[in-house]
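Novice: the following comprises the amino acid sequence and a computationally predicted model.
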Number of protein chains: 2
Amino acid sequence: MRGFRRCLGPLLALLVAFAPARRGAAAQTTPPAPLLGFDTEGAAAERALEATFDAALDPSEQRAWMKRLTARPHHVGSPYDRENAGFLVSLFGSFGFETRIEEFTVLFPVPKTRVLEMVAPSPFTASLAEPALSEDATSGQKDEQLPVYNAYSIDGDVTAEVVYVNYGVPKDYEELERRGVDVKGKIVLARYGGSWRGIKPKVAFEHGAVGCLIYSDPRDDGYFQGDTYPTGAFRNESGAQRGSVADMPVFPGDPLTPGVGATKDAKRLDRKDAPTLTKIPVLPLSWTDALPFLKALSGPVAPEAWRGALPVTYHVGPGPAKAHLKLAFDWRMEPVRDVLAVLKGSELPDEWILRGNHYDAWVNGAQDPISGLVAELSEAKALGALARAGWKPRRTIVYAAWDGEEPGLIGSTEWVETHAEDLSKKAVAYVNTDSNGRGFLGAAGSHTLERFVDEVARDVVDPETNVSIAERQRAGRLVRGSTESKKEAKEHPGLRLEALGSGSDYSPFLQHLGIASLNLGFGGESAGGSYHSAYDSFDHFSRFIDPEFAYGVTLSKTAGRVVLRLANAGSLPFTFDPLAETVARYAKEVGTLADELREKTDDDNRNIAAKSWELAADPKETFVAPKPKAGVPFLNFAPLQNAVAALKKSAARYDKAEKERRPPRTTGARKALDEALYTTERALTRKEGLPLRPWYVHQLYAPGLYTGYGVKTLPGIREAIEERRFDEAQRQIAAAAEAIEACAARIDAATAALTSAPAG
Amino acid sequence: MRGFRRCLGPLLALLVAFAPARRGAAAQTTPPAPLLGFDTEGAAAERALEATFDAALDPSEQRAWMKRLTARPHHVGSPYDRENAGFLVSLFGSFGFETRIEEFTVLFPVPKTRVLEMVAPSPFTASLAEPALSEDATSGQKDEQLPVYNAYSIDGDVTAEVVYVNYGVPKDYEELERRGVDVKGKIVLARYGGSWRGIKPKVAFEHGAVGCLIYSDPRDDGYFQGDTYPTGAFRNESGAQRGSVADMPVFPGDPLTPGVGATKDAKRLDRKDAPTLTKIPVLPLSWTDALPFLKALSGPVAPEAWRGALPVTYHVGPGPAKAHLKLAFDWRMEPVRDVLAVLKGSELPDEWILRGNHYDAWVNGAQDPISGLVAELSEAKALGALARAGWKPRRTIVYAAWDGEEPGLIGSTEWVETHAEDLSKKAVAYVNTDSNGRGFLGAAGSHTLERFVDEVARDVVDPETNVSIAERQRAGRLVRGSTESKKEAKEHPGLRLEALGSGSDYSPFLQHLGIASLNLGFGGESAGGSYHSAYDSFDHFSRFIDPEFAYGVTLSKTAGRVVLRLANAGSLPFTFDPLAETVARYAKEVGTLADELREKTDDDNRNIAAKSWELAADPKETFVAPKPKAGVPFLNFAPLQNAVAALKKSAARYDKAEKERRPPRTTGARKALDEALYTTERALTRKEGLPLRPWYVHQLYAPGLYTGYGVKTLPGIREAIEERRFDEAQRQIAAAAEAIEACAARIDAATAALTSAPAG
């Protein structure tokens, strides 16, 4: 890559001459800017710069980095995790970034004892092991591998009858209740899926269970989906899914330091008081280890939707299958080392464009997380090359490689908590990636950035089809998926950002500080089942996921453009029409939710009164009719509706101004405008946070308290309605409305900053 | 039961004095008749009579009859089928009916050779056997059992690669085409379900396949559903489903005598010209026999909806699994003996109330068909007792036990074809039952009888809940099933009749002659998998299906009331509002179907032009984009809409007249009214029949040409639209409109007969 810099250096210098920083030279009538935040010349220069950037991206480098980073298991606290930190910091340094490692000390339990036996009706001992495969070079590194376990399960030694609880989410327990099955004092056997795994032990405990087993059913994750490893990419009979079961919808990060950075001297909770540790022991299983229990269960046949792909009749129990589960952990305090790499902004150094991907894994972690990390490394290297050739970002670029994501977004969360004050002031946006695959762009994030991401996606070429990744994604939406999503794709040609729940390092930025965030990746053609197993290896990835690293490079182009444009733009490319439209949709949804819940409640109560449930029940089977519920009152949605109307108006005003006006001329005025723009996202937070979980302050997006990964939009209102806390729902309507009004006011401030300052 | 007659004889005589035949005595103002077709006193007498009828129904008799009738295999042509015919005719005779056997001679092939082997990639020979079980007393009667086979498969000896085709219906072949998989020259492996089995070889042949295997996947019929036999009721690993694969949606009955009775001297087709025999050899399998083929298939992974519950990754092939299928049949001509039993009508002997259930089985046939037959026998016995006690039906009652239903509704079809002229004139209605189970009333049939059946269902008590079977059914609809069906149950408290497709002996009555028909039975709590297997035995039925024969008796009460009321009513209880409402719904549906097909075609063509399919395809997998299709023209639905409007008006006029007027006084006038009423169903037929299948003449109901069991309502229009024959759709709109107008005219004739004659 040395040759690249030599050849393109002079060209770059030329391009930089036309870069946004220079375009304020003369007020003149120009056609509408073809790139958000850039004028015509600026856009041309930016695109030329991006072409140079693209040319520096090298798939064979990504391959080599992946091979290096996944050569040994590299979980938190492991020798190779430390080695990787060193490797990364020197790599970023070699690219020309200012680097540093920030270290935190966090609770990270590893198993001492793992015993699962069936003690009735016949003996069986679970192997709890993923065997080495000759086709997978790293699968036999037993000395360094973490065994199959769920982090932040408590210690425990329980023996009890087993109950199969499907995904183990609240509605599954309602089904059990209908069948007269109680999990009190039992060990629940749940299958992975349907929620984030940490929800399962939480809900099981709330229903009185004393232990929780979570297995990978081949229906969701195994041979039902496709050929299994090593023949194909899917989870085999011994594959099990490690993972954290801390109660992250309450707060992520180190369980002992909620809300503050886990620095050496931080005040820590006593472990017994740590609220996010599970209340019962939890263990993940392969289906081979789960099958004997499922075979031995009797009791009611499981509802149809509960049945997996194992060749048995799924019964719910309880028993006669009886399990003995014994777990003991070494409750270690381990270092978590975040790698930070900075390219300082030339004009607006206190506006930070943040870009991150974690580097810790459960085992060798080729796809999760190294596939995303190597894309980030390519970007950093290419940015470094641009910088060496003379380009200067107007704003500061911060590249991060997070440690400790797997146990609970720890590295990012502790860093965000530590630097909360600075970040609140300076962070423009956070761009996250994680596991990457092959196929279609997946883009989720703040709707203030929706149009911007759409624009980026139109400029990146899909390596398989040579159309833009935006066009390819739309083609996928047009011919696949539900009728509804097809209709949406037909009527709305633009890219849509999904809302962010949780599951990767964007969560603290977006949901704890209100920093506009994005999560980007590719998928849809690289399905497999290596997730959190010893088989998420270089061999697996390079055979099945993205063998040519073509989508690794495409991800670099995509995330790299996002970073470059955010760093270079004359004014920040935030727009608000998509936000207003999206919030209006959410507002309509929560209204409909209340209406439908009211109708359903009335129907249910009528059916209960008419004994329709009892009449419809088979008297040969146990059936417990549901109990009547209080009716759903009509809520006053007017504050929300008025706030949405205000947001729409503010968005339209800014949109008009942005189209008509060029950005302000002076750095001071530009800074004022930028600040008004990026703090629109801050305005969507409330310092009180959400009910039951003050750590989460964003009023539009949060992971569901009972879904985990899955987003709840307008979460305060939505969850209060879902959980039938109607007084709270009314209060949350007011709270969300207040935040939306505040956001509208920030947008108005941006409009004022744009229109009052002399144009550039 | 002797005691019963002695005690109730005098009471009965009293009741009969108030029976409908007597109620014309004096013109007077009465409150609205509480039973359709009866005045107040008539209704009271009828209900009293029904109480007596109910009291004569004895579950232990049904049990004994079932045990007797299922003691040995009794398929067409078997010694025990002949014995059962004799037993039944003597039983009906002993009840006091005039009896006769009508015999037909029909083509009935039985296997001589059945070989299925896998010849690549590894050898396997299918067992094609259902082993004897010690828990099932009749399962070991190997000498008399028909082996596992599909009747009316042709002979064949083919060796070819295998392709898995899911259910083997037309849309499955579209999916294969998208994946570049062609079945030309291949043997298809289809799973049971998704259509009537005979559709599978027909569609396979149309796509060039040379052989067809049909297996029972445990997803649809086996351990996925529940515990397998003998532990539970569901199909076990060796259970296979026999059954006919003749092309019955073209015509049912003897394949050699379409449209005419298969009497001794009937003109017969040469077997090689018989259009309903399959064109390729067909064999049913257990999943144990199918699994080696599924395991050995490679090629694309089957679409998710295609995947069953076997512990394999479902691939579609073709190959490398290669099958050798060799079938040879003994093409016998066998007797089919219908048992007929008549109670002659006292006043209107030329109005026939027909009631039937078949008695032939594939093997021992406890549920199918003996569970329905023993209910029918109980009715006949109870009616005979009433008759002996002095009751006389005003109209003639004909009880039938059909032979040869299993191979293709042969006994009923040949009888209907033989007596078509008489039946066209005299048949009021046909009431069918077949397999019966436990749970909820299932009622399907002519909508001219919907309100009548609703009334009957309100008067029959459910044995498990002690509410009426109508109320219980509604409770089930209110709390189970789809949102749509719940909504429908909430808004429409009355019972709905499902439309009749095919699958039992009502088909020739309704669809070949236009005789108003019903099919009644209970189910929903007696799921199992004995259908058409050697395990459909007395042991299976009495353990799992209806152990107390409580629903056998309830079926007798239901069907018996239908017969009794039809036979006794002052005027026939046909009403037309439900018909008009239903036809209006169908008319709306076919309009929507055309609109949706137009929109879908336009969308598809747009996506094809934009290459969205290609862009969305994974280049690592074969993908063949669909071809553009001609757009869907706007059709003139006005004739249909006008006909529906006319039907609604006529229905409302009759409804008003029926409420205001008492039936005519004289037998002649009553006969004229009755005839106008029951020939409303004849008016819904057209002698030209449906496109491609003139045997089917009903314009509202037919089995789908490509669904088999599944009904197509307004079939001429609907199938023409579905199959994109739009000119024909336009002609069929006119044809259906004409029939509906003719029906409206018959209703007007009934109104005239009711209003012009002196009231009774």
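Specialist: That came in fine, so what should we check first?

Novice: ranges for the strands of the stretch 651-760 of chain A?
Specialist: A:701-703, A:711-713 (DSSP state E, counting those that start in this stretch).

Novice: just the ones you listed: most buried one?
Specialist: Ranked by average neighbour count under the criterion mean count of other CB atoms under 10 Å in any protein chain shown, the strands of the stretch 651-760 of chain A are headed by strand A:701-703 at a mean of 28. All C-beta atoms are positioned from the backbone trio N, CA, C, and that covers glycine.

Novice: A:G222 and A:N236 touch, don't they?
Specialist: Yes: look at A:G222 against A:N236 with CB atoms under 8 Å: they come within range, at 7.3 Å.

Novice: shared neighbours of the two, which are they?
Specialist: Common neighbours of A:G222 and A:N236, counting by CB atoms under 8 Å, 6 or more residues apart in numbering or on different chains, are A:228, A:529.

Novice: what is the rounded mean pLDDT of stretch A:209-224?
Specialist: Along stretch A:209-224, the predicted confidence averages to a pLDDT of 98.

Novice: after the helix or strand encompassing A:K326, next one along is what?
Specialist: With the criterion set as DSSP states H and E, the secondary-structure element containing A:K326 is strand A:322-343. Beyond strand A:322-343 on the C-terminal side, the first helix or strand identified by DSSP H and E is strand A:348-358.

Novice: that following strand versus strand A:322-343: what angle between them?
Specialist: Between strand A:348-358 and strand A:322-343, the angle formed by their directions is 150 degrees, by axes from the mean of the first three to the mean of the last three CA atoms, to 10 degrees.

Novice: show me what strand A:348-358 is packed up against.
Specialist: Helices and strands touching strand A:348-358, by 3 or more CB pairs under 8 Å, 6 or more residues apart in numbering or on different chains; DSSP states H and E, are helix A:372-388, strand A:395-402, helix A:410-418, helix A:420-426, strand A:427-433, helix A:550-568, helix A:667-683.

Novice: which of the ones you listed sits closest to A:V106?
Specialist: The closest approach between A:V106 and any of these, judged by CB to CB, belongs to helix A:410-418 at 5.3 Å.

Novice: remind me what that closest one packs against, helices and strands.
Specialist: For helix A:410-418, the contact count by 3+ CB pairs under 8 Å, 6+ apart identifies strand A:98-120, strand A:322-343, strand A:348-358, strand A:395-402 as packing neighbours.

Novice: which residues touch that helix?
Specialist: Helix A:410-418 is contacted from outside by A:76, A:102, A:104, A:106, A:252-254, A:257, A:259-263, A:336-338, A:356, A:358, A:360, A:400, A:402-405, A:423, A:505, A:507-509, A:512-513, using CB under 8 Å, 6+ apart.

Novice: buried ones among the residues you listed?
Specialist: A:76, A:102, A:104, A:106, A:252-254, A:257, A:260-262, A:336-338, A:356, A:358, A:360, A:400, A:402-405, A:423, A:505, A:507-509, A:512-513 (16 or more other CB atoms under 10 Å in any protein chain shown).

Novice: quick check: phi and psi on A:L441?
Specialist: With angles defined as degrees, to the nearest 10, A:L441 shows backbone torsions of phi -60, psi 130.

Novice: give me the neighbour count for it.
Specialist: Counted with other CB atoms under 10 Å in any protein chain shown, the burial measure for A:L441 works out to 26 neighbours.

Novice: pretty sure it is touching A:K557, no?
Specialist: No: in terms of CB under 8 Å, A:L441 does not count as a neighbour of A:K557; the distance is 10.9 Å.

Novice: for A:C212, list each beta-bridge partner.
Specialist: Applying DSSP bridges to A:C212 yields these beta-bridge partners: A:V188, A:V282.

Novice: I'd assumed A:A190 was in contact with it.
Specialist: Yes: contact between A:C212 and A:A190 holds when scored by CB under 8 Å: they sit 6.6 Å apart.

Novice: find residues that contact each of the two.
Specialist: Between them, A:C212 and A:A190 have A:168, A:200, A:204 as joint contacts when contacts are counted by CB under 8 Å, 6+ apart.

Novice: shouldn't the last one be within a strand?
Specialist: No: the assignment for A:A204 is helix, going by DSSP: H, G, I helix; E, B strand; the rest coil, so no strand is present there.

Novice: low pLDDT regions in the stretch 1-150 of chain A?
Specialist: A:1-33 (pLDDT under 70).

Novice: and the strands in it?
Specialist: Along the stretch 1-150 of chain A, the stretches classed as strands by DSSP E, counting those that start in this stretch are A:98-120, A:124-125, A:150-151.

Novice: deepest-packed of those, please.
Specialist: Per stretch, and counting mean count of other CB under 10 Å, the top mean among those goes to strand A:150-151, which has a mean of 28.

Novice: can you tell if the helix or strand just after it touches chain B?
Specialist: On the C-terminal side of strand A:150-151, the nearest following helix or strand under DSSP H and E is strand A:156-164. No: contact between strand A:156-164 and chain B is absent, the nearest approach being 14.7 Å (criterion: CB under 8 Å from any CB of the partner chain).

Novice: contacts for strand A:156-164?
Specialist: A:119, A:176, A:181, A:183, A:185-190, A:209-211, A:213, A:280-281, A:293-294, A:296-297, A:302, A:306, A:314-328.

Novice: so the residue nearest to A:R693 when sequence neighbours are not counted, which of the three states?
Specialist: Distance criterion CB to CB, 6 or more residues apart in numbering or on different chains; nearest residue to A:R693, sequence neighbours excluded, is A:V250 at 4.9 Å. Following three-state DSSP, A:V250 is assigned to coil.

Novice: the domain parsing of chain A - what is it?
Specialist: Using automatic domain parsing, the domains assigned to chain A come out as A:2-43, A:60-105+A:351-568, A:107-332, A:577-756.

Novice: hey, which of those domains is tucked in deepest?
Specialist: Burial among those, expressed as mean neighbours by mean count of other CB under 10 Å, is greatest for domain A:60-105+A:351-568, which shows a mean of 23.

Novice: endpoint to endpoint, it covers what distance?
Specialist: For domain A:60-105+A:351-568, the separation between the terminal residues is 28 Å (CA to CA, to the nearest Å).

Novice: how about whichever residue of the stretch 1-150 of chain A sits closest to chain B, what does it touch?
Specialist: Of the stretch 1-150 of chain A, the residue with the smallest distance to chain B, taken as CB to the nearest CB, is A:P121 at 14.6 Å. A:P121 makes contact with A:296, A:320-322 under the criterion CB under 8 Å, 6+ apart.

Novice: need these in TSV (columns: pLDDT and distance to A:A385).
Specialist: Putting these into TSV (pLDDT from 0 to 100; distance: CB to CB, whole Å) gives the following:
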residue	pLDDT	distance to A:A385
A:A296	98	62
A:P320	97	66
A:A321	98	61
A:K322	98	63
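
Novice: nearest to chain B among those?
Specialist: When the contacts of A:P121 are compared for distance to chain B (CB to the nearest CB), A:A296 comes out closest, at 13.1 Å.

Novice: tell me the contacts of the closest one?
Specialist: Neighbouring residues of A:A296 by CB under 8 Å, 6+ apart: A:118, A:120-122, A:162, A:320-321.

Novice: repeat for A:Y173
Specialist: Under the contact definition (CB under 8 Å, 6+ apart), the residues listed for A:Y173 are A:165, A:183, A:203, A:207.

Novice: those residues: which two are farthest apart?
Specialist: The most widely separated members of those, counting by CB to CB, are A:V183 and A:V203 (9.6 Å).

Novice: would you mind listing what in the stretch 101-250 of chain A touches chain B?
Specialist: Going by CB under 8 Å from any CB, the residues of the stretch 101-250 of chain A near chain B are A:218, A:223-228, A:232, A:234.

Novice: quick one on the thing from earlier: distance to A:D454 for the helices and strands packed on helix A:410-418 - can I get that in TSV?
Specialist: Supplementary listing: these in TSV, determined by distance: least, CB to CB, whole Å:
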stretch	distance to A:D454
strand A:98-120	32
strand A:322-343	26
strand A:348-358	19
strand A:395-402	21
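
Novice: any chance of a markdown table for the domains of chain A, columns distance to B:V479?
Specialist: A markdown table is the format used below for those (distance: least, CB to CB, whole Å):
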| stretch | distance to B:V479 |
| --- | --- |
| domain A:2-43 | 53 |
| domain A:60-105+A:351-568 | 26 |
| domain A:107-332 | 10 |
| domain A:577-756 | 5 |
